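Visitor: The following comprises the amino acid sequence and a computationally predicted model.
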Amino acid sequence: MHDDARIETLAVHAGERTPGPEGSVVFPIFQGTVYRSEPGESYHDIKYLRLNSTPSQSYLHDKLAALEGAEAALATSSGMAAITTILHALLGAGDHLLVGDVLYGGTHNLLTQHAQRLGWSYTFVDPHDPSSWAAARQPNTRAFLVETITNPLMRVGELAEVVTFAKAEGLVSVIDNTFASPVNFRPVEAGFDLVFHSATKYLNGHSDLVAGSVAGSAELVDRVRRTLNLYGGSLDPHAGYLLARGLKTLALRVRAQNANAQALAEFLTGHEAVLAVNYPGLPDHPDHAHASRLLSGFGGMLSFRLRGGVDATEAFLEALSLPAVAPSLGGIESLVTRPSLTSHAGMSPADRERAGVHDDLVRFSCGIEHSDDLVEDLGRALAKV
Ligand SMILES: *Cc1c(COP(=O)(O)O)cnc(C)c1O
């Protein structure tokens, strides 16, 4: 494979061993926990599953790093294991974090419920307002954490400015790229120091495992790996095998999901029963201009409100035949949820309204079905409300 291979080719060939063990074209599952050690091996170099150093893990790490355009990558036992381990690697007691004010619920709860006990402080900042960041920076600030596309209004912050600010201030920039996937955005190439994913979502893409990934410079990823080695959130080789298999079709899946989301967003925008549509690929989305510069695709997630309120929304969900009503996202099957009942159920109704997460908001995770079938299914369901 040439160095300038494109992401479709990297997804298939990167990390593959040629020849593979025993000539196998498909890299096998090395289930063993124990390997003969070499004289003088240091603790972190011993081959052991928890130390993230066994053959199936190294294979997966190489594939992930290539997809991210990063020097190094690491798989973790979940997306939450990725973010908790990153924060433990970067922050000590007394350190401070700048963090985007719209976060995945687990990350939000981790900070609000655990940071204080760990001696970490943090300040929420608006990723759309770079002029406000300097005032929030403190002498003990170590890192700046944001998300590429936020849930559930699909906002895209001023990510290029986050990189510039973090570099100027000597902060480690960290981004949760779960909603975009490396097909639509490669943060390391855009200058971010560390990128992580819930690999449970697009990277695996089949809604059948929980995993996470971290990528960045060899030095930073090694820091995170040494922390992970001690905190213990390593990925089991069976799940790792499924994740590597899912990764091979990542580019195909995400392009189909991008196209489906664009088709649905355009269809819904023109529909009389629909009050509002949130999708960064629509020209009237507030972030469309800079999202177009940053991203090579707008993703497979959209959200919308119906004119008829909660009752119409419930009737609409009931009338859909293709998508399952279920939380989570990024799989090959379309899923639909009401965030006020799932991802944002823990917020007070007043906070939800302020955040734009209205009770009638519907979030749609596009699968890889034919877009005409999805449009027709939504059209039939809208006709019933
Ligand atoms: C799901 C998700 C996570 C957490 O990942 P798990 O694999 O469930 O631990 C983190 N960030 C985002 C944006 C997510 O969607």
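Guide: Looks like it arrived, so ask away.
Visitor: From now on I want contacts and neighbour counts done on CA atoms only, so please keep to that.
Guide: OK.
Visitor: burial count for the residue of the chain found nearest the ligand?
Guide: Relative to the ligand, the nearest point of the chain is residue 79 (3.4 Å; C-alpha to the nearest ligand atom). Residues lying near residue 79 (other C-alpha atoms under 10 Å) number 25.
Visitor: List the contacts of it.
Guide: Residues in contact with residue 79 (C-alpha atoms under 8 Å, 6 or more residues apart in numbering) are 196, 197, 198, 199, 200, 210, 211, 212, 213.
Visitor: What ranges in the stretch 101-250 of the chain fall below the confidence cut-off?
Guide: For the stretch 101-250 of the chain, no stretch has pLDDT under 70.
Visitor: re earlier: is it possible to export the contacts of residue 79 to JSON lines including distance to the ligand and neighbour count?
Guide: Listed next are the contacts of residue 79 as JSON lines, based on distance: C-alpha to the nearest ligand atom, whole Å; neighbours: other C-alpha atoms under 10 Å:
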{"residue": "196", "distance to the ligand": "8", "neighbour count": "28"}
{"residue": "197", "distance to the ligand": "7", "neighbour count": "29"}
{"residue": "198", "distance to the ligand": "4", "neighbour count": "27"}
{"residue": "199", "distance to the ligand": "6", "neighbour count": "29"}
{"residue": "200", "distance to the ligand": "5", "neighbour count": "25"}
{"residue": "210", "distance to the ligand": "5", "neighbour count": "19"}
{"residue": "211", "distance to the ligand": "5", "neighbour count": "26"}
{"residue": "212", "distance to the ligand": "6", "neighbour count": "27"}
{"residue": "213", "distance to the ligand": "9", "neighbour count": "29"}
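Visitor: Spell out which parts of the chain neighbour the ligand.
Guide: 78, 79, 80, 104, 178, 179, 198, 200, 210, 211, 212 (C-alpha under 6 Å from any ligand atom).
Visitor: so can I have TSV of the residues you listed showing distance to residue 70?
Guide: Listed next are these as TSV, based on distance: C-alpha to C-alpha, whole Å:
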residue	distance to residue 70
78	20
79	18
80	21
104	24
178	16
179	19
198	17
200	20
210	22
211	19
212	16
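Visitor: Next step: those restricted to helices.
Guide: 79, 80 (DSSP state H).
Visitor: any idea which of the residues of the chain next to the ligand is closest to residue 119?
Guide: When the residues of the chain next to the ligand are ranked by distance to residue 119 (C-alpha to C-alpha), residue 80 comes first, at 19.3 Å.
Visitor: and that closest one, what is it in contact with?
Guide: 106, 107, 198, 212.
Visitor: so the last one bridges to which residues?
Guide: Translated: residue 212. Beta-bridge pairing of residue 212, defined through DSSP bridges, involves residue 76, residue 198.
Visitor: In terms of secondary structure, what does the host helix or strand of residue 246 contact?
Guide: Assigned by DSSP states H and E, residue 246 belongs to helix 237-247. For helix 237-247, the packing partners by 3 or more C-alpha pairs under 8 Å, 6 or more residues apart in numbering; DSSP states H and E come out as helix 55-68.
Visitor: on that earlier part again, now for the contacts of residue 79: which two are most distant?
Guide: Maximum pairwise distance among the contacts of residue 79 (C-alpha to C-alpha): 13.9 Å, between 196 and 210.
Visitor: End to end on stretch 234-254, go ahead and measure it.
Guide: Distance across stretch 234-254, first residue to last, is 26 Å (C-alpha to C-alpha, to the nearest Å).
Visitor: what are the ranges of the strands in the protein?
Guide: Along the chain, the stretches classed as strands by DSSP state E are 72-76, 96-100, 121-125, 141-147, 172-176, 194-198, 212-216, 274-278, 301-306, 324-325, 335-337, 361-365.
Visitor: Can I get those in a markdown table including distance to residue 222?
Guide: Formatted as a markdown table, the strands of the chain follow (distance: least, C-alpha to C-alpha, whole Å):
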| stretch | distance to residue 222 |
| --- | --- |
| strand 72-76 | 8 |
| strand 96-100 | 21 |
| strand 121-125 | 24 |
| strand 141-147 | 17 |
| strand 172-176 | 15 |
| strand 194-198 | 12 |
| strand 212-216 | 9 |
| strand 274-278 | 38 |
| strand 301-306 | 32 |
| strand 324-325 | 40 |
| strand 335-337 | 36 |
| strand 361-365 | 34 |
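Visitor: ranking those strands by burial, who's on top?
Guide: strand 212-216 (a mean of 29; mean count of other C-alpha atoms under 10 Å).
Visitor: what would the contacts of residue 80 look like in CSV with distance to residue 231?
Guide: What follows is the contacts of residue 80, written out as CSV (distance: C-alpha to C-alpha, whole Å):
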residue, distance to residue 231
106, 18
107, 17
198, 18
212, 15
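Visitor: what's the closest of those residues to residue 40?
Guide: Nearest to residue 40 among those, with distances taken as C-alpha to C-alpha, is residue 212, at 31.3 Å.
Visitor: Contact partners for the closest one?
Guide: Going by C-alpha under 8 Å, 6+ apart, the list of residues near residue 212 reads 75-82, 196-200.
Visitor: Can you tell me which of the strands of the chain is nearest to residue 235?
Guide: Of all the strands of the chain, strand 72-76 comes closest under C-alpha to C-alpha, at 5.0 Å.
Visitor: orientation of that closest one relative to helix 55-68 in degrees?
Guide: Strand 72-76 runs at 120 degrees relative to helix 55-68, counting by axes from the mean of the first three to the mean of the last three C-alpha atoms, to 10 degrees.
Visitor: how about residue 81, what does it touch?
Guide: Residue 81 neighbours (C-alpha under 8 Å, 6+ apart): 212, 233.
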